[in-house]
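Participant: Show me the folded form of this:
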Amino acid sequence: MIDRPAAPTDYEVLSSTPIFSGRVISLRTDEVRMSDGSVATREVVAHPGAVAILALDGADQVVLVNQYRHPVRSYLDELPAGLLDVEGEAPLAGAQRELFEEAALRAGRWDVLVDIHPSPGMSDESVRVYLARDLSDVAEQERFVAEHEEITMTVRRLPLDEAISLVLAGQITNASAVAGILAAGAARSSGWAQLRPAGGSVDPETQSADSFQA
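Facilitator: Alright, predicted model coming up:
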């Protein structure tokens, strides 16, 4: 889970009513006292959080995956990403797992690039986007076996500047990808001086498909 700041005290939650609980998300209604004393009902989608990875190679190319997203009925260009749904798994370890599984890559250097709330008007979802560098390929025999939508997932690399242009042209619309690509462009312009440390460590050389699936 990604740490969140303490909730403000001027919007008191008077009651919460569960509505639905699914495999990934749950829905509840909160009765909230507003700052003027009135009470409003708010529908909240609870989400475990997620990580995304802006993987940048030595040629200044970004790794993008393209996969089918059923809610929007489209194939989208995205960063490697995934849910923080493994019990006890730190965000950095989750990011390393997703890069391994989706892009068959390991990275020797990790930094925090940007944090986002994709839809704070209705969901508590937080996404941490990491910058991964010093990339190396995972051997064929170690690679993750894809399933469901990931069976048709494709992976490509393109220059960061081209990715920025695609974002501004509206051709890359996934929120984590938009935020990560634009943040990478801004961070690069300052010589990466504003990056935050990733925190924690997982030795990529000790990771295998078996260890990620355990």
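
Participant: And the helices in the protein, which stretches?
Facilitator: Counting by DSSP state H, the segments of the chain that form helices are 91-103, 160-168, 175-189, 209-213.

Participant: Dump these into JSON lines; add mean pLDDT, mean neighbour count and distance to residue 44 as well.
Facilitator: In this view, the C-beta of every residue, glycine as well, is placed from N, C-alpha and C. What follows is those, written out as JSON lines (pLDDT from 0 to 100; neighbours: other CB atoms under 10 Å; distance: least, CB to CB, whole Å):
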{"stretch": "helix 91-103", "mean pLDDT": "95", "mean neighbour count": "24", "distance to residue 44": "22"}
{"stretch": "helix 160-168", "mean pLDDT": "99", "mean neighbour count": "17", "distance to residue 44": "29"}
{"stretch": "helix 175-189", "mean pLDDT": "98", "mean neighbour count": "19", "distance to residue 44": "18"}
{"stretch": "helix 209-213", "mean pLDDT": "37", "mean neighbour count": "12", "distance to residue 44": "31"}
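
Participant: Using a markdown table, lay out those helices together with distance to residue 138.
Facilitator: Listed next are those as a markdown table, based on distance: least, CB to CB, whole Å:
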| stretch | distance to residue 138 |
| --- | --- |
| helix 91-103 | 6 |
| helix 160-168 | 23 |
| helix 175-189 | 21 |
| helix 209-213 | 8 |
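
Participant: and the residue of the chain most remote from its centre, backbone torsions?
Facilitator: In terms of distance from the mean C-alpha position of the chain, residue 37 ranks first, at 36.5 Å (CA atoms, centre = their mean). As for residue 37, its main-chain torsions (degrees, to the nearest 10) stand at phi 100, psi -10.

Participant: what does the one 10 residues further on give?
Facilitator: Main-chain torsions, residue 47, degrees, to the nearest 10: phi -140, psi 140.
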